[in-house]
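>>> fold the following for me, if possible:
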Amino acid sequence: MTEGVLIVAHRIIAVVDKTVVRVTGLEVRGMKPQDVEAHLSRALGRPARVIGVAGDSLEFDVYGLSPEAVLMDSHNVIRAIALADGVRATEVAQVDQAEKARTFSVEELAGRTGGCAGERVRL
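Numbers count the residues shown, from 1 in each chain. Down below sits the predicted model:
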């Protein structure tokens, strides 16, 4: 799927090639998500966005990279995360999950009336 924007009536639907990744076996203390995002983006050569942080794991989105490519380069992914202040990789650090974000057809989305709080206000 290619990136782009499709306008349907008064709604904008973004089409993005995104992989959701979870790395476990970390020690996360006082990290700044922007630091991790910057290190990941440089290491992977793609935009990345932190979406979840726990004391021992980190979840993020990476754009334009397949789950297989993330898993093949898991060592560099973990090393990039560990470069950020407040994150340390333990001996058991691993990419626990890497899967494509769910896709929806335009017809399926057009029929939805809900959405995030901001979208509900605009409807």
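>>> surely residue 30 meets residue 88?
No - using CB atoms under 8 Å, residue 30 is not in contact with residue 88; the gap is 11.4 Å. Yep, even glycine has a C-beta here, placed from its N, CA and C like the rest.
>>> counting neighbours, go ahead and name the busier of the two.
Comparing residue 30 with residue 88 by other CB atoms under 10 Å, the one with more neighbours is residue 88, at 13 against 7.
>>> and that one, what does it touch?
Applying CB atoms under 8 Å, 6 or more residues apart in numbering, we find residue 88 in contact with 26-27, 82.
>>> taking the residues you listed one by one, which sit in strands?
Of those, the ones assigned to strands by DSSP state E are 26-27.
>>> by neighbour count, which of the contacts of residue 88 wins?
In terms of neighbour count, residue 26 stands highest of those at 23 neighbours, by other CB under 10 Å.
>>> okay, strands next: where are they in the chain?
For the chain, the strands defined by DSSP E occupy 4-8, 11-15, 18-28, 48-53, 57-63, 87-100.
>>> okay if I get these as CSV plus distance to residue 74 and mean pLDDT?
Below are the strands of the chain laid out as CSV (distance: least, CB to CB, whole Å; pLDDT from 0 to 100):
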stretch, distance to residue 74, mean pLDDT
strand 4-8, 29, 55
strand 11-15, 27, 59
strand 18-28, 8, 93
strand 48-53, 14, 91
strand 57-63, 12, 93
strand 87-100, 4, 92
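>>> just to revisit the earlier point, now distance to residue 54 too, for the contacts of residue 88, in TSV please.
Output for the contacts of residue 88, formatted as TSV (distance: CB to CB, whole Å):
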residue	distance to residue 54
26	9
27	11
82	16
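>>> separation between residue 24 and residue 104?
Residue 24 is 28 Å from residue 104, where distance means CB to CB, to the nearest Å.
>>> so these two - more neighbours on which side?
residue 24 (16 against 12).
>>> so that one is in contact with residue 96, correct?
Yes - counting by CB under 8 Å, residue 96 is a contact partner of residue 24 at 4.4 Å.
>>> what touches both of those two?
residue 57.
>>> how near is the closest residue to residue 71 other than its chain neighbours to residue 35?
Distances taken as CB to CB, 6 or more residues apart in numbering place residue 98 nearest to residue 71, at 5.3 Å, with adjacent residues excluded. Per CB to CB, residue 98 is found 21 Å from residue 35.
>>> good, we can wrap up now.
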